[in-house]
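**Q** generate coordinates for the sequence data below:
(one chain, ligands or ions: 2)
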Amino acid sequence: MSVLVVNNLQKSFGGNQALKGISFELHSGEMLALIGPNGAGKSTTFNMLNGQIRPDHGTIDFKGESLLGLSPRQTWQKGVSRTFQIAQTFSSMTLAENVQMALLSAHHQLYAMWQRATHFKRDEAIEFLRLVGLHKDADKACAALAYADVKRLELAIALANEPLLLLMDEPTAGMAPQERNDLMALTRELVRNRQSLANGLAVLFTEHSMDVVFGYADRVLVLAGGELIAQGSPQDVQDNTLVQKVYLGGDQPLFGLGHGA
Ligand code: ADP
Ligand code: MG
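**A** Residues are numbered from 1 along each chain as shown. Ligands and ions are numbered 1, 2, ... in the order given. All right, here's what the predicted structure looks like:
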């Protein structure tokens, strides 16, 4: 089942046509990678999907409902979670409190967002921390965490929203290779575990590390100059001569080179 249907999405900044009309679908239970060189339009696509910027043309349907005109908070409340290239957490709070804040927001309890969410759904928050293996650190200050753990916390926060769609913007940026694989393996496990449920999870991620892309994506979209130049299985995309040309000038294998942005 398609959870997300994007049709003819276009966006210009001044005279610069950042996206020239891209269309794609994302299915429940799928991990879809969006790759492409620097300036290809990946971030612009993400920013439109979660309501940060509005497309000039095109449609974005999520569970059959248009997301056009909704704010980031409204898209979050519809079930679209996003993690960022630079992790966004409240560093003065504990891990549990960070997740509790997300639960407050997911339950539309916007009152007292500025206060500590010390008691609200603490047990539930611990369960989300358990999913990412951080439950033992629930009462640690977020500021004390290693970077890879901050990224896992960010994943727990995104999951607390019970999303049907998870947008991950370069989730492994700044991580060592082993940590990258751990985070993506965890994400894939979460997707697989929810595949048979009514509220299955779909993931769209941008990633500059090709070993992560080809190791974890079910399907890959390739953007270049604001256009989708290829899409298909990791193998199809690796074998695509146009993709090889865009990335590398066509004479080297794409796999394992961690190129792009
Ligand atoms: P990517 O994430 O693939 O590197 P972006 O989506 O950030 O690419 O950028 C696509 C194009 O749009 C680039 O030419 C970039 O300079 C331009 N662009 C992106 N955001 C803005 C903005 N807010 N204002 C002006 N130009 C922008
Ligand atoms: Mg970008």
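
**Q** the longest helix anywhere in the chain - contacts with which helices or strands?
**A** Counting by DSSP state H, the longest helix found in the chain is helix 177-193. The elements that helix 177-193 packs onto, with contact taken as 3 or more Cβ pairs under 8 Å, 6 or more residues apart in numbering; DSSP states H and E, are strand 31-35, helix 147-160, strand 202-206, helix 210-216. Using the backbone N, CA and C atoms, a C-beta is placed for each residue, glycine as well.

**Q** among these, which is nearest ligand 1?
**A** Among those, strand 202-206 comes nearest to ligand 1, with 6.9 Å by Cβ to the nearest ligand atom.

**Q** the closest one to strand 31-35, inter-axis angle?
**A** 20 degrees (axes from the mean of the first three to the mean of the last three Cα atoms, to 10 degrees).

**Q** CA atoms only for strand 202-206, dumped as CSV, please.
**A** C-alpha atoms of strand 202-206 as CSV (Å, rounded to 0.1, in the frame of the first residue of the first chain):
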residue,chain,number,x,y,z
ALA,A,202,7.8,3.6,5.8
VAL,A,203,11.2,5.3,5.8
LEU,A,204,12.6,7.8,3.3
PHE,A,205,16.2,8.7,3.9
THR,A,206,19.0,10.8,2.4
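
**Q** any idea of the mean pLDDT in it?
**A** Averaged across strand 202-206, the pLDDT comes to 95.

**Q** repeat for stretch 61-81
**A** For stretch 61-81, the per-residue pLDDT averages 94.

**Q** how about residues contacting it?
**A** Residues outside stretch 61-81 that contact it (Cβ atoms under 8 Å, 6 or more residues apart in numbering): 3-7, 49-52, 54-55, 59-60, 82, 105-106, 108, 158-159, 161-167.

**Q** check the offset of it from the chain's centre.
**A** In this view, stretch 61-81 has its centroid 14 Å away from the chain centroid, taken as Cα atoms, centre = their mean, to the nearest Å.

**Q** what's the first-to-last distance across it?
**A** 15 Å (Cα to Cα, to the nearest Å).

**Q** so what's the residue count around the residue of the stretch 51-200 of the chain found nearest ligand 1?
**A** The minimum distance from the stretch 51-200 of the chain to ligand 1, using Cβ to the nearest ligand atom, falls at residue 53 (7.3 Å). Using other Cβ atoms under 10 Å, residue 53 has 15 neighbouring residues.

**Q** that one: which element?
**A** Using DSSP states H and E, residue 53 maps to neither a helix nor a strand.

**Q** numbering from 39 from now on, please.
**A** Taking 39 as the first residue, the last one we looked at is residue 91.

**Q** any idea how far it is from ligand 2?
**A** Taking Cβ to the ion, to the nearest Å as the measure, residue 91 falls 13 Å from ligand 2.

**Q** now residue 82
**A** 8 Å.

**Q** could you find the closest non-adjacent residue to that residue?
**A** Computed as Cβ to Cβ, 6 or more residues apart in numbering, the closest residue to residue 82 that is not its neighbour in sequence is residue 56, at 4.7 Å.

**Q** where does the one you found land on pLDDT?
**A** Note on residue 56: pLDDT of 97.

**Q** partners of the host helix or strand of it in the sheet?
**A** Residue 56 belongs to strand 54-65 when assigned by DSSP H and E. Applying DSSP bridges, strand 54-65 is found paired with strand 40-51 (antiparallel).

**Q** buried residues in the partner strand?
**A** By neighbour count on 16 or more other Cβ atoms under 10 Å, the buried set for strand 40-51 is 40-42, 44, 47-49.
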